[in-house]
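Participant: my questions concern the predicted model and sequence given below.
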Amino acid sequence: MTPDPHQANLDSRHAAMSLSAALPADIVLYLLLPMYAANFHVSLAEVGILLAANRLVRIAGYRWVARFYAERGDRPTCMLAVAAAVVCALGYVVADGFWVLLPLRLLWGMAFAGLNLSTQSMSTANPMGAARRSGRSRAVIAIGPMLWLPTAALLAAQFGPRVVFLLVAGTALLGLLAARRLPSHPYPKPPARRWKMPNALDWWSFLEGLTLDGLFIIGLSYMSKQSFSEHAELIAGTLMAMRYAGEIVLAPVGGWLAERFGAVRVLVVLSLTTCLALVGFGAGALWLFAGFIVVLRSLQLPLLAPIVAARTPPEERVHALAGRAIWRDIGAGAGPIMAGLLLPVMSSLWIYSMAAGALALAAVACAREPRRV
């Protein structure tokens with residue numbers, strides 16, 4: 001724990017800046033790979049697997065990352081992760097075919113695990129103001145993707161997708177400057193590995209990842225291409241950039257709401273509202289409900305970390321955060337695969353309605369979860 005609130009704020013900001021610089025190496029691929037699958041010589045089904053691979057590898061790899069993070073601390077973990085993001089972006093410039101792209105996606109998956117763990121750990125390092133700090137952290141993380149998505153869409157339309165990743169690699173290097181300012185103190189060792197039945201927060205994390213990080217993002221790119229064949233790259237890029245612009249403005253608001261009304265209560269209300277918006281999105285009202293989902297997702301982002309920290313003993317906090325991230329990654333890894341397989345052959349209304357119904361049940365269950373600590 002970090003007893004000094006000012007130092008906790010600084011550490012949280014630097015961790016967020018590292019992830020903000022590295023994240024476009026992944027987010028831009030979510031925009032361009034479904035649209036330019038032929039340029040990379042992959043099918044739409046293979047696109048779904050590639051976009052899910054970075055999350056699926058973390059299901060097994062998060063424990064290794066958490067152990068390295070606990071032993072070495074934030075600075076070495078984040079510097080290695082940012083360097084890996086640069087390697088991945090440069091790889092997309094020349095990589096061709098599924099089996100060449102796959103190792104790059106796996107490498108990024110492990111890199112993101114370290115960066116994500118650091119940002120959540122730093123934001124909850126001091127219990128006082130953890131929810132607000134988490135909201136500000138999410139806002140900083142969103143800056144890089146927000147700036148790069150519309151830029152990548154414009155550049156790809158003119159010069160093709162390969163050139164974009166060369167420029168993304170250059171900006172990712174800036175993350176090393178922020179990572180160098182992080183502490184490198186160790187954390188408590190992870191507890192002995194044991195199987196536990198998933199609780200309500202686990203199920204909510206899984207379904208939130210499935211719907212908002214998987215089905216919604218891939219569906220947005222795919223349905224934009226189907227509905228707006230002309231300037232599809234710019235339209236999808238703008239919508240995805242709005243998602244991150246919403247995080248910059250609204251994630252701090254979500255943190256304030258959590259401090260004011262309680263994080264669990266806010267999570268349940270916002271999740272149920274998101275479910276209604278997902279049904280409208282699947283029904284074809286792309287612009288209207290995509291905007292609603294962006295707003296609601298942004299408000300929800302800072303909520304999980306303070307809930308986990310409040311229900312977990314301090315010495316298990318880092319590893320509990322990693323556990324919730326694993327469940328979200330399982331869902332977010334399954335989402336692109338489901339989207340790639342189901343969107344071409346099944347009604348989008350049915351897909352998003354069923355996902356919304358499951359998310360609503362998980363959100364209600366979170367309200368009944370007993371407080372452990």
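Facilitator: All right, it came through fine. Since the structure is predicted, the reported quantities are computational estimates derived from the model, not experimental observations.
Participant: moving C-terminal of the helix-or-strand element of the chain with minimal mean pLDDT, what's the next helix or strand?
Facilitator: For the chain, the helix or strand with the lowest mean confidence is helix 216-227, at a mean of 68 (criterion: mean pLDDT, DSSP states H and E). Taking DSSP states H and E as the definition, the helix or strand that follows helix 216-227 towards the C-terminus is helix 232-261.
Participant: contacts for the helix or strand containing residue 296 next, please.
Facilitator: Assignment of secondary structure by DSSP H and E places residue 296 within helix 286-300. Helix 286-300 is contacted from outside by 138, 208, 212, 216, 220, 223-224, 227, 239, 242-243, 246-247, 249-251, 253-254, 257, 266-267, 270-271, 273-274, 277-278, 280-281, 283, using C-beta atoms under 8 Å, 6 or more residues apart in numbering. Where you see a C-beta, it was placed from the backbone N, CA and C, and this is true even at glycine.
Participant: so how far is it from its chain's centroid?
Facilitator: The gap between where helix 286-300 is centred and where its chain is centred comes out at 15 Å by C-alpha atoms, centre = their mean, to the nearest Å.
Participant: next, the angle from it to helix 232-261.
Facilitator: In this structure, helix 286-300 runs at an angle of 40 degrees to helix 232-261, with axes from the mean of the first three to the mean of the last three C-alpha atoms, to 10 degrees as the basis.
Participant: quick check: mean pLDDT of helix 286-300?
Facilitator: Model confidence over helix 286-300 averages 84 on the pLDDT scale.
Participant: same deal with stretch 353-363?
Facilitator: Regarding stretch 353-363, the rounded mean pLDDT is 91.
Participant: buried residues, that stretch. List them.
Facilitator: Buried residues in stretch 353-363, defined by neighbour count with 16 or more other C-beta atoms under 10 Å: 353, 355-356, 358-360, 362-363.
Participant: which ones among those map onto strands?
Facilitator: Restricting those to those inside strands, with DSSP state E as the criterion, leaves an empty set.
Participant: pLDDT weak spots in the stretch 1-150 of the chain?
Facilitator: Confidence mapping of the stretch 1-150 of the chain against pLDDT under 70 gives the ranges 1-3.
Participant: check contacts around residue 30.
Facilitator: Residues touching residue 30, when contacts are defined by C-beta under 8 Å, 6+ apart, comprise 51, 217-218, 221, 240.
Participant: rerun at 6 Å
Facilitator: With contact set as C-beta atoms under 6 Å, 6 or more residues apart in numbering, residue 30 has these partners: residue 217.
Participant: so what does residue 183 look like in phi/psi?
Facilitator: Backbone geometry at residue 183, expressed as degrees, to the nearest 10, gives phi -70, psi 160.
Participant: what is the neighbour count of the closest residue to residue 355 other than its chain neighbours?
Facilitator: Computed as C-beta to C-beta, 6 or more residues apart in numbering, the closest residue to residue 355 that is not its neighbour in sequence is residue 211, at 4.6 Å. A count of nearby residues for residue 211, using other C-beta atoms under 10 Å, gives 28.
Participant: same question, residue 90
Facilitator: For residue 90, the tally of surrounding residues (other C-beta under 10 Å) stands at 18.
Participant: okay, buried residues for whatever helix or strand it lives in please.
Facilitator: If you go by DSSP H and E, residue 90 is part of helix 74-94. Across helix 74-94, burial judged by 16+ other C-beta under 10 Å covers 74-86, 88-92.
Participant: follow-up on the earlier one: give me the pLDDT for the residue nearest to residue 355.
Facilitator: Per-residue confidence for residue 211 comes out at a pLDDT of 88.
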